[in-house]
Structures are given as structure tokens and as C-alpha cells.
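Chemist: what's the 3D shape of this:
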Amino acid sequence: MREAFEETGVKVKSGRPIEVYKNMLLGVVSMATARTAEAGEPWPSDEAVVARWISNESP
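Modeler: Predicted coordinates:
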């Protein structure tokens with residue numbers, strides 16, 4: 001959650017797990033979780049060239 005704020009300026013709340021990604025050859029395991037924005041507006045940074053809201057609804 002700290003990373004989201006540092007990279008986009010948005011404070012988020014962690015939600016349910018979505019997916020676990022693993023690459024055992026590289027020894028990497030990552031878990032993606034749903035997030036809810038609590039405060040802030042997205043802004044770009046050195047690590048996020050573009051930061052903006054998108055809809056999660058189908059076009």
C-alpha cells in the first residue's frame with residue numbers, strides 16, 4: 001500500500017486476493033490483491049509514467 005502511494009499519490013486499502021504469480025526459475029512469488037482507493041488523485045512518477053483512473057466496466 002505504501003508502494004501505491006509512493007508511485008501514484010493514491011492511498012489504497014487492501015482487499016481480497018486475486019491471483020498468485022510464481023516463477024520458480026527466478027525464485028519469484030507475487031500475490032495480487034484487489035485495492036480500494038481511499039484518498040488522493042493519481043499522478044505520474046519515476047516508476048509510473050502514466051497514472052490515471054480507468055473503468056472496470058466492459059465497454
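
Chemist: can you pull the pLDDT of residue 11?
Modeler: If you check residue 11, the pLDDT there is 92.

Chemist: mind checking how far it is from residue 47?
Modeler: 17 Å (Cβ to Cβ, to the nearest Å). Backbone N, C-alpha and C define where each C-beta goes, glycine included.

Chemist: neighbour-wise, which of those two wins?
Modeler: Ranked by neighbour count (other Cβ atoms under 10 Å), residue 11 and residue 47 place residue 11 first, with 15 against 10.

Chemist: For beta bridges, what are the partners of that one?
Modeler: Beta-bridge partners for residue 11, by DSSP bridges, are residue 39.

Chemist: Then the one 10 residues further on?
Modeler: Per DSSP bridges, the residues bridged to residue 21 are residue 30.

Chemist: Quick one: residues contacting it.
Modeler: By Cβ atoms under 8 Å, 6 or more residues apart in numbering, the contact set of residue 21 is 28-32.

Chemist: List buried residues within these.
Modeler: Buried members of these, counted by 16 or more other Cβ atoms under 10 Å: none.

Chemist: Next, format the residues you listed as JSON lines and append distance to residue 21 and pLDDT.
Modeler: Formatted as JSON lines, these follow (distance: Cβ to Cβ, whole Å; pLDDT from 0 to 100):
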{"residue": "28", "distance to residue 21": "8", "pLDDT": "93"}
{"residue": "29", "distance to residue 21": "7", "pLDDT": "93"}
{"residue": "30", "distance to residue 21": "5", "pLDDT": "92"}
{"residue": "31", "distance to residue 21": "8", "pLDDT": "88"}
{"residue": "32", "distance to residue 21": "7", "pLDDT": "89"}
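
Chemist: Out of the residues you listed, which is nearest to residue 19?
Modeler: residue 32 (4.7 Å; Cβ to Cβ).
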